[in-house]
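# Fold the stuff below for me.
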Amino acid sequence: MAYGAPPRWDRRMQQRLARGEAAALGELYDRFAALVHSQAHRMLDDDDAADIVTREVFTHVWENPDAYDPRLGSMRSWVARLAHRRSVARLRSEEAEAYEDEDRPGADAGDDPGRTPPESSDLDERLRKATAAARADYIAATMPEPLRAALELAYIQRRDYRQTAADLGVTEIEARRRLRLGLQLLSSANLAPVDGFSPPGYGRAL
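Okay, here's the model as predicted:
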């Protein structure tokens, strides 16, 4: 198989969508809707907006199945990119609408009519943080189950590496290895592990 070639499921799904199979869209939705909604909600912090983005993403997929390029990655990655782009567009649109609303008649008389829009750098920073957080969510949701389970025990249930090893039924060395690999994956999202928090008993031992 050529480098970067998608799994058979991805190729077959694209072909079914191109033929207009509604059942294919339903299968795709069942598999990725939770991912899309989670990504959108992480970006927008709004359930209704996340619902809209989710509908927009799957509408786009249904209407443009040939837009998926297998050379750029899996269909899961493509759908996640669509969710991110739609979320960014909505966030920028909401920011612009909020500014326009403030300029309409009836706005606070003390407002300066000649004021400039909020600094683009502020919105860019907000987008950067939301994107990094959404990417971390995506990585956590798609990483191998053994790594995800180890991270959940360490960061959510606050187990140290000995307890994590016992809960997973593996050696302490294997528990450390899984945690190290999981953290390396999360670091690709440009986030400190859980906002800098380290689970109990780890420190530099990892």
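
# Tell me which stretches of this structure form helices.
Along the chain, counting by DSSP state H, helices occupy 8-18, 22-44, 47-63, 75-103, 120-142, 145-151, 161-168, 172-187.

# domains for the chain, by residue range?
Listed by automatic domain parsing, the domain ranges of the chain are 8-99+122-134, 143-205.

# how about the ones you listed in JSON lines, adding mean neighbour count and mean pLDDT?
All C-beta atoms are positioned from the backbone trio N, CA, C, and that covers glycine. Compiled in JSON lines, the domains of the chain are given as follows (neighbours: other CB atoms under 10 Å; pLDDT from 0 to 100):
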{"stretch": "domain 8-99+122-134", "mean neighbour count": "16", "mean pLDDT": "87"}
{"stretch": "domain 143-205", "mean neighbour count": "16", "mean pLDDT": "73"}
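
# With adjacent residues omitted, what lies nearest to residue 29?
Distance criterion CB to CB, 6 or more residues apart in numbering; nearest residue to residue 29, sequence neighbours excluded, is residue 58 at 5.7 Å.

# and the gap between the one you found and residue 168?
36 Å (CB to CB, to the nearest Å).

# Then residue 185?
Shown here: residue 185 relative to residue 168, a distance of 17 Å by CB to CB.

# do residue 158 as well
Distance from residue 158 to residue 168, by CB to CB: 15 Å.

# One more: residue 47?
34 Å.

# can you tell me how far the residue nearest to residue 33 when sequence neighbours are not counted sits from residue 81?
Using CB to CB, 6+ apart and skipping residues adjacent in sequence, the residue nearest residue 33 is residue 54, 6.1 Å away. Distance from residue 54 to residue 81, counting by CB to CB: 14 Å.

# again, but for residue 128
16 Å.

# With residue 162 instead?
40 Å.
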